[in-house]
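Visitor: give the three-dimensional model of this entry:
(chains A, B, C and D)
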2 protein chains.
Amino acid sequence: MDGYDKYAHEPFAVTVDLAVFTIREGALHVLLVERGQEPYAGRWALPGGFVQPDESAETAARRELAEETGLSDVSGLHLEQLRTYSEPGRDPRMRVVSVAFTALLPDAPEAHGGSDAAQARWVPYGTAGPLAFDHDGILADAHDRVGAKFEYTCLATAFCPPEFTLGELQQVYETVWGTALDRPNFRRKVLATPGFVEAVPGAARLTGGRGKPAALYRAGTATALHPPLLRPVREGRPA
Amino acid sequence: MDGYDKYAHEPFAVTVDLAVFTIREGALHVLLVERGQEPYAGRWALPGGFVQPDESAETAARRELAEETGLSDVSGLHLEQLRTYSEPGRDPRMRVVSVAFTALLPDAPEAHGGSDAAQARWVPYGTAGPLAFDHDGILADAHDRVGAKFEYTCLATAFCPPEFTLGELQQVYETVWGTALDRPNFRRKVLATPGFVEAVPGAARLTGGRGKPAALYRAGTATALHPPLLRPVREGRPA
DNA sequence: CCTTTAATAGTCAGCCCGACTATAAAAGGG
DNA sequence: CCCTTTTATAGTCGGGCTGACTATTAAAGG
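Guide: As a prediction, the model looks like this:
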């Protein structure tokens, strides 16, 4: 970081890009916006925007998250820096360095237009055509990261409402990993991990579906999973 | 990434900062440079520099790595993006966004001055006083990341020379984790993981120390560790 | 030649986990 | 009202990984 006298080149624009995930009807969805201008006019893209002079990338990301989702309070949502994308040609207009973030939402509020003219929409993961810029790569990296963190953190509860059943938590894992899990074993593992979930004192849900009503749980205080909850190895076809 | 008409603010300077680790005489060392100018004149700092207009942050990081270590070929070294630091006040002179990287070196070539005027030096991890800027935090984050990745990747071989003994590999783990490991169990685990290490055909080292000569191994082709090699839980005092 | 040192081999019990079966408690249909 | 369906929850059993530990081998040094 010495040698500031070298500062004799064009400066950079710094943006944030957001990969915002939620689960709707048992399927993983991503928040996308439709671009109205060139380049990539009409293509879908990750929401994002410029970092303002007085804010950090994290602050900018949370501000964009609030704007694009229309939620009034995004302070409790999981927001995590993914990595920074800085290839020289990634934006044809100018030199843009983008700090990518991943966010996880429990329920899916209908995306509203936000302050920008662009329309924001929830799209099932994998169904959107090629995205603008290098956003396909960013989105894939974000999905990989979330899947990997599910193994050794309690992150999955970020997809759940404040109170949830173990069946719902298991569906979150199955949706993100794309794998079926054994219900008794999943239950045993979650309950055996101290601080992962804690039982809600005197309640059990019944009205919802048919079948025995499930007990309700809240997210616990733990953040890491020791030992980890490894996803099953798919040995059918080694990818 | 829409709304480029908003681009009506001061631009950012983009730099890379490097946390370069190596192991010398059984102790973890970090590459640091001494600052010659204000601010933080005389303080130690992580090596780094500006990203040039025609290069990505990764390219800039590898270029800086070559300059600061004096190595002619850094193409095979492990270099990994850590995260980006963008707090508005982190550099008192101007708005600087820094992409931090972590690098791992097998042997420790004596640090030479590099192209900059600043002197580069290997310093035992933890012994350097408060570093310049927010580099203490970056260095701590890098150390955490390396320790965590040792659990579920084959990254530890990046600290080893091309051919090494299992005892040396174990010392790498013990140095980074700061924990003692059981030798037979470590050996069993490493050899049971396919692709972690592969035996060198017909060689055994003898001249070095007294005791039975150890077999030599090379880094394998595997990159991930399934199941992971978890570091022992220190239950003496819960940090 | 004996001791020291370090690598390697082997043993054994406990725990976690995958696979599986059994029971409980609701809804729905005849 | 009973019986089936559905889902949650409890329990079992064997294999594999792991921590703790002991034994053997092969060198160096006095």
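Visitor: next, count neighbours for the residue in chain A positioned nearest to DNA strand D.
Guide: Relative to DNA strand D, the nearest point of chain A is residue A:211 (2.3 Å; CB to the nearest atom of the strand). The way it works is simple: take the backbone N, C-alpha and C, and place the C-beta from them, glycine included. Residue A:211 has 8 neighbours, counted by other CB atoms under 10 Å in any protein chain shown.
Visitor: what's the answer for residue A:152, then?
Guide: Residue A:152 has 19 nearby residues by other CB under 10 Å.
Visitor: what does residue A:182 give?
Guide: 11.
Visitor: now do the contacts for it.
Guide: By CB atoms under 8 Å, 6 or more residues apart in numbering or on different chains, the contact list for residue A:182 is empty.
Visitor: how much space between it and residue B:201?
Guide: Look at residue A:182 and residue B:201: by CB to CB, to the nearest Å, they are 44 Å apart.
Visitor: what's the residue in chain A that chain B sits nearest to in contact with, if anything?
Guide: With CB to the nearest CB, the shortest gap between chain A and chain B falls at residue A:11, namely 3.2 Å. By CB under 8 Å, 6+ apart, the residues touching residue A:11 are B:11-13.
Visitor: let's see that with 6 Å instead.
Guide: Taking CB atoms under 6 Å, 6 or more residues apart in numbering or on different chains as the criterion, residue A:11 is in contact with residue B:11.
Visitor: for chain A, what lies in contact range of DNA strand D?
Guide: A:165-167, A:183-185, A:187-188, A:204, A:209-215 (CB under 7 Å from any atom of the strand).
Visitor: just the C-alphas of the longest strand seen in chain A, formatted as CSV.
Guide: The strand spanning the most residues in chain A, taking DSSP state E as the definition, is strand A:13-24. The C-alpha atoms that make up strand A:13-24 are tabulated as CSV, following Å, rounded to 0.1, in the frame of the first residue of the first chain:
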residue,chain,number,x,y,z
ALA,A,13,-16.3,2.6,-10.3
VAL,A,14,-17.2,0.3,-7.4
THR,A,15,-20.6,-1.4,-7.3
VAL,A,16,-22.3,-4.1,-5.2
ASP,A,17,-24.2,-7.0,-6.8
LEU,A,18,-26.7,-9.1,-4.8
ALA,A,19,-27.6,-12.8,-5.1
VAL,A,20,-30.7,-12.8,-3.0
PHE,A,21,-32.2,-16.3,-2.4
THR,A,22,-35.5,-17.4,-0.9
ILE,A,23,-37.7,-20.5,-1.0
ARG,A,24,-41.1,-20.3,-2.5
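Visitor: so chain A: which segments form each domain?
Guide: Structural domains annotated on chain A: A:10-135, A:153-219, as defined by automatic domain parsing.
Visitor: okay if I get those domains as a markdown table plus distance to residue A:146 and mean pLDDT?
Guide: Shown next, in a markdown table, are the domains of chain A (distance: least, CB to CB, whole Å; pLDDT from 0 to 100):
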| stretch | distance to residue A:146 | mean pLDDT |
| --- | --- | --- |
| domain A:10-135 | 6 | 91 |
| domain A:153-219 | 6 | 92 |
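Visitor: give me whichever of those is most buried.
Guide: Mean neighbours per residue, mean count of other CB atoms under 10 Å in any protein chain shown, is largest over these for domain A:10-135, with a mean of 18.
Visitor: next SSE after the longest strand of chain A?
Guide: Next along the chain after strand A:13-24, taking DSSP states H and E as the criterion, comes strand A:27-34.
Visitor: and the following helix or strand past that next one, which strands flank it?
Guide: Scanning forward in sequence from strand A:27-34 by DSSP H and E, the next helix or strand is strand A:44-45. Here strand A:44-45 has these sheet partners by DSSP bridges: strand A:27-34 (antiparallel).
Visitor: re the thing from before, restricting to the residues of chain A next to DNA strand D, which residues neighbour chain B?
Guide: Residues shared between the residues of chain A next to DNA strand D and the neighbourhood of chain B: none [CB under 6 Å from any CB of the partner chain].
Visitor: for these, which one is nearest residue A:27?
Guide: residue A:167 (16.5 Å; CB to CB).
Visitor: which residues does that closest one contact?
Guide: residue A:214 are the contacts of residue A:167 under CB under 6 Å, 6+ apart.
Visitor: so it belongs to a helix, correct?
Guide: Yes: under DSSP: H, G, I helix; E, B strand; the rest coil, residue A:167 sits within a helix.
Visitor: residue A:50 - nearest residue in space that isn't next to it in sequence?
Guide: Excluding its sequence neighbours, the residue lying closest to residue A:50 (CB to CB, 6 or more residues apart in numbering or on different chains) is residue A:15, at 5.3 Å.
Visitor: which residues sit against stretch A:137-148?
Guide: Contacts for stretch A:137-148 (CB under 6 Å, 6+ apart): A:17, A:19, A:82, A:100, A:102, A:176-177.
Visitor: any chance you could map the strands in chain A?
Guide: A:13-24, A:27-34, A:44-45, A:48-50, A:78-85, A:96-104, A:120-124, A:197-204, A:215-219.
Visitor: just checking, what's the longest helix in chain A?
Guide: Ordering each helix of chain A by length in residues (DSSP state H) puts helix A:135-152 first.
Visitor: any idea of the angle it forms with strand A:96-104?
Guide: Angle, helix A:135-152 to strand A:96-104, by axes from the mean of the first three to the mean of the last three CA atoms, to 10 degrees: 40 degrees.
Visitor: close to DNA strand C, is helix A:135-152?
Guide: No: judged by CB under 7 Å from any atom of the strand, helix A:135-152 stays clear of DNA strand C, getting no closer than 10.3 Å.
Visitor: okay, buried residues for that helix please.
Guide: For helix A:135-152, the neighbour count (16 or more other CB atoms under 10 Å in any protein chain shown) marks A:135, A:138-139, A:141-143, A:145-146, A:149-152 as buried.
Visitor: can you list those residues in a markdown table and add distance to residue B:197?
Guide: Output for the buried residues of helix A:135-152, formatted as a markdown table (distance: CB to CB, whole Å):
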| residue | distance to residue B:197 |
| --- | --- |
| A:135 | 39 |
| A:138 | 34 |
| A:139 | 35 |
| A:141 | 29 |
| A:142 | 32 |
| A:143 | 31 |
| A:145 | 28 |
| A:146 | 31 |
| A:149 | 28 |
| A:150 | 29 |
| A:151 | 24 |
| A:152 | 24 |
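Visitor: nearest to residue B:55 among these?
Guide: residue A:138 (19.7 Å).
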